[in-house]
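1. fold the following.
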Amino acid sequence: MNPFWSQITRELSPYVPGEQPRIANLVKLNTNESPFGPSPLALEAMRAAAADTLRLYPDPAATELREALAAHHGVKPEQVFVGNGSDEVLAHAFVALLKQPKPLLFPDVTYSFFPVWAQLFGLACETVPLDGAMRVRVEDYRREAGSIVIANPNAPTGIALPRAEIAQLLEDHPDIPVLIDEAYVDFGGESAVPLIAHHPNLLVVQTMSKSRALAGLRVGYALGDTGLIEALRRVKDSFNSYPLGRVAEAGATASLRDEAYFRESCARVVAAREAMTRELVRLGLVVLPSSANFVFARHPARGGSEFAAALREHAVLVRHSNKPRTAPYLRITVGTEDDTRRLIAATVDILGDE
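-> Got it, this is the predicted structure:
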């Protein structure tokens, strides 16, 4: 431990991102990236933006993108905040909104960045256990709290709450900020965005990394009441006034103009997820019902760590968390048809060794 580290640095337990290895002929199913490329319109716009104008700073308010997002979601531009990936947007929200005198609540099995931000920014927090089927139960949140954050669909389970249950959560907690992280909502979830009009305490965060295949651009955004958005802007302008570059804004904006490609890509992912699920179930795995671009699966006779290591030996990379409730499971990203064939072939080979 370096003697120049601050106390905060010494005490941190940082988030561990998905591995990005260099393995020949790898089937990479560990980071929930899209198996399909971005919209051709987005690629064209990014090429055009890679021009002499890059010598100039971008628009700090990302006005064009915010206007496009507002039109897409049926809100006003002043109800939209954009940032360098949804992780940055979420981190700003932890400081701007979720840090309250009373504890922040979130599920015990959820996006593993939540407890990291809570520790980094000094938030008091409490976890609320998922039920036995690994589902969020909104009635379990009927307790004293300063704020709430829930990923919907949840990660790493992929299970989604219907909008009506999010509405109930908001009815139960009208006086505290509630953040719904919808990174995977386009693959079968029901967005809470329509609830914003009647709930000034609701912030919805989405990303262009998954369903729009722009993970390499790092574009995320939040939608909510203008008061919540102003709080995010104040924190952003105290941290980084220019979170999005010109190329990123151009690509993200153009992606929103290609609705047909977006819908087709999401449908292909959903179809591939269902096909992969059927094959895994046929081989004896238990697969939780997913509304995301991944599945959460376990084999009754194989430990998660052992299974992940065996798949890696077959050049198939999946995500595993060795925590008590998640240790039996693998999180497997939806890939191409060829990726799925290789995953299933590797699984057959592994289970055949029993």
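2. contact partners of the longest helix along the chain?
-> With secondary structure taken from DSSP state H, the chain has its longest helix at helix 259-282. For helix 259-282, the external contacting residues (CB atoms under 8 Å, 6 or more residues apart in numbering) are 34-36, 39-41, 186-188, 211-213, 255, 287, 290, 292-295, 297, 332, 334-337, 340, 343-344, 347. C-betas here are computed from N, CA, C, even on glycine.
3. if we use 7 Å, what do you get?
-> 36, 39, 186-188, 211-213, 287, 290, 293, 295, 297, 334, 337, 340, 344 (CB atoms under 7 Å, 6 or more residues apart in numbering).
4. and stretch 292-311, by the same measure?
-> With CB under 7 Å, 6+ apart, stretch 292-311 has contacts from 32, 153, 156-158, 184, 187, 210, 269, 273, 276-277, 280, 284-288, 290, 318, 320, 322, 327-334, 346, 350, 354.
5. span of it from start to end?
-> 22 Å (CA to CA, to the nearest Å).
6. in this protein, where is pLDDT below threshold?
-> 353-354 (pLDDT under 70).
7. list buried residues within the contacts of stretch 292-311.
-> 32, 153, 156-158, 184, 187, 210, 269, 273, 276-277, 280, 285, 287-288, 290, 318, 320, 328-334, 346, 350 (16 or more other CB atoms under 10 Å).
8. still on that earlier bit, now the buried members of the contacts of helix 259-282.
-> Buried, going by 16+ other CB under 10 Å: 39, 186-188, 211-213, 287, 290, 293, 295, 297, 334, 340, 344, out of the contacts of helix 259-282.
9. just to be sure, which of those residues are found in strands?
-> Among those, the members falling in strands (DSSP state E) are Val287, Val295, Ala297.
10. reformat these as TSV; add distance to Phe307.
-> Output for these, formatted as TSV (distance: CB to CB, whole Å):
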residue	distance to Phe307
Val287	13
Val295	14
Ala297	9
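11. mind listing the residues bridging to Val80?
-> Counting by DSSP bridges, Val80 forms beta bridges with Leu223.
12. please enumerate the strands of this protein.
-> 27-29, 80-83, 104-107, 125-128, 147-151, 178-181, 202-207, 220-224, 286-287, 294-298, 316-318, 329-333.
13. and the contacts of stretch 65-78?
-> 79-80, 82, 193, 196, 221, 223, 226, 229, 249, 252-253, 256.
14. can you add distance to Ser6 and give the strands of the chain back as CSV?
-> Formatted as CSV, these follow (distance: least, CB to CB, whole Å):
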stretch, distance to Ser6
strand 27-29, 35
strand 80-83, 25
strand 104-107, 23
strand 125-128, 21
strand 147-151, 26
strand 178-181, 27
strand 202-207, 28
strand 220-224, 27
strand 286-287, 43
strand 294-298, 36
strand 316-318, 34
strand 329-333, 33
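15. for Arg135, find the nearest of the ones you listed.
-> strand 104-107 (9.4 Å; CB to CB).
16. chain center to that closest one, what's the gap?
-> How far strand 104-107 lies from its chain's middle: 16 Å, per CA atoms, centre = their mean, to the nearest Å.
17. surely Thr120 meets Glu11?
-> Not quite, residue 120 is Leu, not Thr. No: contact between Leu120 and Glu11 fails when scored by CB atoms under 7 Å: they sit 9.5 Å apart.
18. same drill for those two, tell me which one is more crowded.
-> Leu120 (19 against 10; other CB atoms under 10 Å).
19. what are the ranges of the helices in this protein?
-> 7-11, 40-49, 63-73, 85-93, 113-120, 163-172, 226-236, 246-256, 259-282, 304-313, 337-351.
20. Pro101 is nearest to which of those?
-> Across the helices of the chain, closest to Pro101 is helix 113-120 (CB to CB), at 14.3 Å.
21. the closest one - contacts with which helices or strands?
-> helix 85-93 (3 or more CB pairs under 7 Å, 6 or more residues apart in numbering; DSSP states H and E).
22. would you mark the buried spots in the helix it packs on?
-> Buried-residue list, helix 85-93, by 16+ other CB under 10 Å: Gly85, Ser86, Asp87, Glu88, Val89, Leu90, Ala91, His92, Ala93.
23. give me the contacts around it.
-> Residues contacting helix 85-93 (CB under 7 Å, 6+ apart): 81, 83, 113, 117, 179, 181, 183, 203, 205-207, 209, 218-222, 232, 235-236, 243.
24. let's see it at 6 Å
-> Residues outside helix 85-93 that contact it (CB atoms under 6 Å, 6 or more residues apart in numbering): Gly83, Trp117, Leu179, Ala183, Val205, Thr207, Arg218, Gly220, Ala222, Leu232, Val235, Lys236.
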